[in-house]
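Novice: Generate coordinates for the sequence data below:
(2 chains)
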2 protein chains.
Amino acid sequence: MRYAILGTGVVGRTVAARLDSLGHEVVIGTRDPVATLAREDYAAWRTAHPAVGLATFPDAAREGEVLVNATGGRVSIAALTEADAAHLDGKILIDIANPLDFSRGFPPSLDPVDTDSLGELIQRTFPQLRVVKTLNTMHCSIMVDPALVPGEHNVFLSGEDADAKKAVHGLLVSFGWPDHAVLDLGGIETARGTEMLLPIWLRLMGSLGRTDFNFHIQGA
Amino acid sequence: MRYAILGTGVVGRTVAARLDSLGHEVVIGTRDPVATLAREDYAAWRTAHPAVGLATFPDAAREGEVLVNATGGRVSIAALTEADAAHLDGKILIDIANPLDFSRGFPPSLDPVDTDSLGELIQRTFPQLRVVKTLNTMHCSIMVDPALVPGEHNVFLSGEDADAKKAVHGLLVSFGWPDHAVLDLGGIETARGTEMLLPIWLRLMGSLGRTDFNFHIQGA
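Specialist: Residues are numbered from 1 along each chain as shown, chains lettered A, B, ... in the order given. Okay, here's the model as predicted:
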């Protein structure tokens, strides 16, 4: 499968590296590839992952059969708009972003929140995409290697398209998630619930002083 | 210890019954005791729990050494205002309510949310109270009998007063919570995190079709 990861930060690179290691073709999309390559963090990572391509948002979106939104949640709509609607038609978008708003400092607030969500906003703005919200409730290292947290813990799915959720469920299993650890919450509206886990996640990070934990729904 | 439970609904009665069974003196506070006694649900419950008193908000707040806010989150400030500030001075208030707003139907939204919380609003409005937010993240049956959900799961604490949190921690242990299951998140600001667990809790209730589950922070 050919994956296009939108976003060049740690989250996008972590998912790109895992997909590459599983034998998939992977291209990372960015606004300005020349500027991205000039960044020391990206250049160092690229040397370690020479098979992962880098392209503009529209080129990456055209190449990818499945898209992953790993942009900052506050710029996701702009990035997808730049990707060009013609390259999105019918494709699965795995939305792993959160609409964190750092404009008032740390911890960030969420925007949208409560009566809307980034997952819904993307689905509403790009109805030709099959949006599946998942993996947004944990540190990116755990997304692609759940065994980093010993014991049972969960990953959630929200989305309107049953076939798209089934495909993403399969991808999660290939990342190491046990089948029963994947909890389907329902339609994309349920993304409100998972995005609103971020506030307690951030405060747990503060009180525990680390990020190697995850939510487990005991009794589910 | 003498406890005053503010609120006559299922949540308040469940906590009142548990405190009564543990040998505490318990009085339930309500706006209009005559009207409460005229309710069939309350009258039936009272017959089964004859030792639990019923009084007006101010009378209950005066009698209680520790207060429990089990009112609907949207009327908590009004109930505490009616309780009369003179009866609140220096007391611990265990806030187990959530600011659920059903005005737009189900699932409810939260108000306040994200940049404020009910816990903070109560602490700000009644600075003479020592507010400890806890137990608001699960069905009330589990609050007072955590063994209803087999395996490890957590209850959170938020509050400014270390002694008050220590006292509430002790009460939770008397309810059956293992010492290590009680996670102190920090100040009352962290109530934003636990109140914002409600949206996923409600959606899990929808997808699972039951309420006998709870959050566990795996790796904490």
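Novice: what about A:Ala17, helix or strand, and which?
Specialist: Counting by DSSP states H and E, the element that carries A:Ala17 is helix A:10-21.
Novice: That helix - contacts with which helices or strands?
Specialist: Judged by 3 or more Cβ pairs under 8 Å, 6 or more residues apart in numbering or on different chains; DSSP states H and E, helix A:10-21 is in contact with strand A:2-6, strand A:25-30, helix A:40-48, helix A:140-143. In this view, the C-beta of every residue, glycine as well, is placed from N, C-alpha and C.
Novice: Ok, which of the ones you listed comes nearest A:Pro99?
Specialist: Closest approach to A:Pro99 among the helices and strands packed on helix A:10-21 is made by strand A:2-6 (15.1 Å; Cβ to Cβ).
Novice: Direction included, what does the closest one pair against?
Specialist: According to DSSP bridges, strand A:2-6 forms sheet pairs with strand A:25-30 (parallel), strand A:66-69 (parallel).
Novice: Now the longest one: buried residues?
Specialist: Within strand A:25-30, the residues scored as buried using 16 or more other Cβ atoms under 10 Å in any protein chain shown are A:Glu25, A:Val26, A:Val27, A:Ile28, A:Gly29, A:Thr30.
Novice: avg pLDDT for it?
Specialist: Here strand A:25-30 scores 98 as its mean pLDDT.
Novice: for the residue most central in space within chain A, what are its contacts?
Specialist: Centroid check for chain A by Cα atoms, centre = their mean gives A:Ile96 as the closest residue, at 2.1 Å. Residues in contact with A:Ile96 (Cβ atoms under 8 Å, 6 or more residues apart in numbering or on different chains) are A:Val11, A:Val15, A:Val68, A:Asn69, A:Ala70, A:Lys133, A:Thr134, A:Leu135, A:Asn136, A:Met143.
Novice: and what of A:Ala55?
Specialist: Shown in contact with A:Ala55 (Cβ under 8 Å, 6+ apart): A:Val27, A:Ile28, A:Gly29, A:Thr30, A:Pro33, A:Glu63.
Novice: If we use 6 Å, what do you get?
Specialist: A:Ala55 sits next to A:Val27, A:Gly29 when contact means Cβ atoms under 6 Å, 6 or more residues apart in numbering or on different chains.
Novice: quick one: what helix or strand has it in it?
Specialist: In this structure, A:Ala55 is located in strand A:53-56 according to DSSP H and E.
Novice: quick one on the thing from earlier: just want the angle from the helix holding A:Ala17 to strand A:2-6.
Specialist: Relative orientation of helix A:10-21 and strand A:2-6, computed by axes from the mean of the first three to the mean of the last three Cα atoms, to 10 degrees: 170 degrees.
Novice: before we move on, the earlier item: tell me which of the helices and strands packed on helix A:10-21 lies nearest to B:Gly90.
Specialist: Closest to B:Gly90 of these is helix A:140-143 (Cβ to Cβ; 43.5 Å).
Novice: And for the closest one, what's in contact with it?
Specialist: Contacts to helix A:140-143, defined as Cβ under 6 Å, 6+ apart, come from residues A:Val11, A:Thr14, A:Leu135, A:Leu148, A:Val149, A:Asn214.
Novice: Equivalent analysis for stretch A:205-217, please.
Specialist: Applying Cβ under 6 Å, 6+ apart, the external contacts of stretch A:205-217 come out as A:137-139, A:142, A:149, A:152-154, B:185-186, B:213, B:216-220.
Novice: can you do 7 Å?
Specialist: The list of residues contacting stretch A:205-217 from outside it, by Cβ atoms under 7 Å, 6 or more residues apart in numbering or on different chains, reads A:137-139, A:142, A:148-149, A:152-154, A:183, A:197, A:204, B:184-186, B:204, B:213, B:215-220.
Novice: Restricted to helices, list those.
Specialist: If you go by DSSP state H, these have A:Ile142, A:Leu204, B:Leu204 in helices.
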